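Colleague: requesting a structural model of the entry that follows:
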Amino acid sequence: MECVIPGNGTKFLLGNKKIFDGESLYQPKGFDHKLRPLVYPGKDGDILAALCVEGSLDRIDVKGKVVVCDVGNIDNTVKGQVVKDAGGAAMIIANYILCGASIAAEAHVLPASFVGYKEGDEIKKYLNSTSSPTATILFKGTVAGAKTDPEVSYFTSRGPNSQSPGILKPDIVGPGVDILAAWNESVDHQKGTKAAFNVVRGTSMACPHLAGIAALIKSVHPEWSPAAIKSAIMTTASQVNRNGHAIIEERERPANVFAIGSGHVNPPKAHEPGLVFDIQPDDYIPYLCGLGYTPEHVQTIVKKKVNCSKTIPEAQLNYPSFAISLKRGDSKTYSRTVTNVGMANSTYAIRDISVPQGVSISSHPQELSFTGLHQKLTYKVTFTRGKEDNAKGPYGQGHMTWISGKYTVRTPFSFKFE
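Modeller: Prediction:
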């Protein structure tokens, strides 16, 4: 899963002194900061001109001006070439409503700034408020440590899990926007040029981060299974940004479990999780059989004979999260087995529980006392929905946390209300 990590910064200054944050990989050193005329080609309703597609600016005077272009139809860097060819001095890329605050640094061919939907809307209001709008771009170079990072990008896949609704997805989110990566193609769209690196985004950027973290954990704990490593990453994840507030998504609202799963990966904590929810390969067989796969289907996956005589509900898989479906008056109980990988003699207690209105939760036992490393203990969790509750929406979320000294083991919940 992808998360935004703010990077190459710009400040967009309007003639009314308002300033908006943006991003651009292209950071020209020779661009002066004087105010220039500001124009929005789509002001009169011309959709193609608003998108700054090729040929759309031929009848519009943009020479020496800062041009506002809406996101869509063609790549933002191609819009920049259209503006440059028409004589524009600089460009503002205004995001559309579905993408919200999700912006990215791109290799533009002229001075440019990519701003979020709200900022773009404010810029257009300013354009309509004066007969002589002006603006300029201030380039700030690499910006690190933004207080709102990490943020969830608009293109990140969301849950719930359509193939296996009893397993909460996503598991985790990691850095996936404005990532410096090896590259072997042209970055500036000029023929015959190549660059060793580029700044790109996507699952192809987030996955290497998580894979690398998993490899580091494996190097420290070579005996751990893939499931144990996944558990360590999930139960130690963070749900807050640098400000200590909830991680937000592109609409600048708190991201729910279907956007971030367990949270944002926290590498320093992941190699010392305290407890892990382990799963062995054979544990998946009753899970797969419970999904309705035939023995023949499962045999194709596990490469051995299977008879599917035993099945389990999805939520019974020993996963470090829960995805529960509840009707009014329902009560469902599932068990989890944890393995002690922290302190040999330690006691874990539930110190933090959160559930939606109308849902109650109980755990038995409420304390887990270990006397040795690699010891396994099992607990049961019962989820109950009231008969008269008025759930707010079809879904809800929550979590529970086991704590022992420096160890915090958090498991998120998702609820589907039927």
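Colleague: flag the shaky bits of the protein, pLDDT-wise.
Modeller: Applying pLDDT under 70 to the chain flags the ranges 1-7, 185-195.
Colleague: can you point out the buried residues in the lengthiest helix in it?
Modeller: In the chain, assigned by DSSP state H, the helix with the most residues is helix 203-220. Neighbour-count burial for helix 203-220 flags Met205, Ala206, His209, Leu210, Ile213, Ala214, Ile217, Lys218 (criterion: 16 or more other CB atoms under 10 Å). Placement of C-beta: from N, CA and C, glycine included.
Colleague: just those residues now: which is nearest Leu168?
Modeller: Leu210 (16.7 Å; CB to CB).
Colleague: measure the closest one to Ser262 for me?
Modeller: 12 Å (CB to CB, to the nearest Å).
Colleague: so what touches the next helix or strand after the longest helix of the chain?
Modeller: Following helix 203-220 in sequence order, the next helix or strand is helix 226-235 (DSSP states H and E). For helix 226-235, the external contacting residues (CB atoms under 8 Å, 6 or more residues apart in numbering) are 171-172, 210, 213-214, 217-218, 221, 224, 261-262, 265, 270-271, 273, 275-280, 318, 320-321, 339, 341, 408-411.
Colleague: burial check on Asp149, number of neighbours?
Modeller: 21 (other CB atoms under 10 Å).
Colleague: wait, a strand at it?
Modeller: No - according to DSSP: H, G, I helix; E, B strand; the rest coil, Asp149 belongs to no strand; its state is coil.
Colleague: now do it against Ser238, distance only.
Modeller: Taking CB to CB, one finds Asp149 at 11 Å from Ser238.
Colleague: which SS class is Lys125?
Modeller: For Lys125, the secondary structure call by three-state DSSP comes out as helix.
Colleague: and the gap between it and Gly30?
Modeller: Lys125 is 31 Å from Gly30, where distance means CB to CB.
Colleague: so between these two, which is more surrounded?
Modeller: Lys125 (9 against 5).
Colleague: just to revisit the earlier point, quickly list what's touching both of Leu210 and Ser262.
Modeller: Shared contacts of Leu210 and Ser262 (CB under 8 Å, 6+ apart): Ile172, Ile233.
Colleague: Gly42 falls within a strand, correct?
Modeller: No - using three-state DSSP, the assignment for Gly42 is coil, not a strand.
Colleague: so who does Phe322 touch?
Modeller: By CB under 8 Å, 6+ apart, the neighbours of Phe322 are Leu168, Ala315, Tyr334, Val381, Phe383, Thr411, Pro412, Phe413, Ser414.
Colleague: the first one reaches Ile260, doesn't it?
Modeller: Looking back up the chat, that one is Leu168. No - if you go by CB atoms under 8 Å, Leu168 and Ile260 don't touch, sitting 10.8 Å apart.
Colleague: on that earlier part again, adding neighbour count, distance to Lys84 and secondary structure, write the contacts of Phe322 out as CSV.
Modeller: Putting these into CSV (neighbours: other CB atoms under 10 Å; distance: CB to CB, whole Å; DSSP: H, G, I helix; E, B strand; the rest coil) gives the following:
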residue, neighbour count, distance to Lys84, secondary structure
Leu168, 28, 47, coil
Ala315, 21, 56, helix
Tyr334, 20, 59, strand
Val381, 20, 60, strand
Phe383, 22, 58, strand
Thr411, 22, 52, strand
Pro412, 26, 47, strand
Phe413, 23, 52, strand
Ser414, 25, 48, strand
